[in-house]
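S.K.: Sequence plus predicted model, see below.
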Amino acid sequence: MAETAHAQPAWVLLAYLIAGVCFILALRGLSSPETSRRGNFTGMLGMAIAVVTTARKSTEWMEICSILQAFADLLDRCRKGSPAVFARPPQPHTHEQ
């Protein structure tokens, strides 16, 4: 069985390219305490571009909702100043009997 590749629109490719450049610049900015705020902002900008692009090109409503919910959770953690922004949320304990 041969699968056909779906061509992406030019705007999607360009948006992902810009997001990738933002991520690379973020890593460069995070390498120094003097430029860390700018690097952090550049990384957040790249992530926002990638999330919005993915949401706009997606036709699955549940996929869009889960992406936006994950992004909202990440922003909430950043706003609260959590040191472990990318840490996994605590898992519920199961009591075995």
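M.R.: Thanks, I have the structure now.

S.K.: Now residue 54. Nearest residue, chain neighbours left out?
M.R.: In space, and not counting its chain neighbours, residue 54 is closest to residue 67: 5.9 Å by C-beta to C-beta, 6 or more residues apart in numbering. The way it works is simple: take the backbone N, C-alpha and C, and place the C-beta from them, glycine included.

S.K.: can I assume the one you found is in contact with residue 53?
M.R.: No: applying C-beta atoms under 8 Å, one finds residue 67 not in contact with residue 53, separated by 10.4 Å.

S.K.: name the helices or strands packed onto the helix or strand that residue 11 is a member of?
M.R.: When elements are assigned from DSSP states H and E, residue 11 belongs to helix 10-29. Applying 3 or more C-beta pairs under 8 Å, 6 or more residues apart in numbering; DSSP states H and E, we find helix 10-29 packed against helix 36-57.

S.K.: mind exporting the helix or strand bottoming out on mean pLDDT in the chain as PDB, just the C-alpha atoms?
M.R.: For the chain, the helix or strand with the lowest mean confidence is helix 61-79, at a mean of 77 (criterion: mean pLDDT, DSSP states H and E). Output of helix 61-79 as PDB, limited to C-alpha atoms (Å, rounded to 0.1, in the frame of the first residue of the first chain):
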ATOM      1  CA  TRP A  61     -12.000  20.000  16.700                       C
ATOM      2  CA  MET A  62     -10.900  17.800  19.600                       C
ATOM      3  CA  GLU A  63      -7.200  18.100  18.500                       C
ATOM      4  CA  ILE A  64      -7.600  21.900  18.500                       C
ATOM      5  CA  CYS A  65      -9.100  21.900  21.900                       C
ATOM      6  CA  SER A  66      -6.400  19.700  23.400                       C
ATOM      7  CA  ILE A  67      -3.700  21.900  21.900                       C
ATOM      8  CA  LEU A  68      -5.200  25.100  23.200                       C
ATOM      9  CA  GLN A  69      -5.800  23.500  26.700                       C
ATOM     10  CA  ALA A  70      -2.100  22.400  26.900                       C
ATOM     11  CA  PHE A  71      -1.000  25.900  25.800                       C
ATOM     12  CA  ALA A  72      -3.300  27.500  28.400                       C
ATOM     13  CA  ASP A  73      -1.900  25.200  31.100                       C
ATOM     14  CA  LEU A  74       1.600  26.100  30.200                       C
ATOM     15  CA  LEU A  75       0.800  29.800  30.300                       C
ATOM     16  CA  ASP A  76      -0.800  29.400  33.700                       C
ATOM     17  CA  ARG A  77       2.300  27.700  35.000                       C
ATOM     18  CA  CYS A  78       4.500  30.500  33.700                       C
ATOM     19  CA  ARG A  79       2.200  33.100  35.200                       C
END
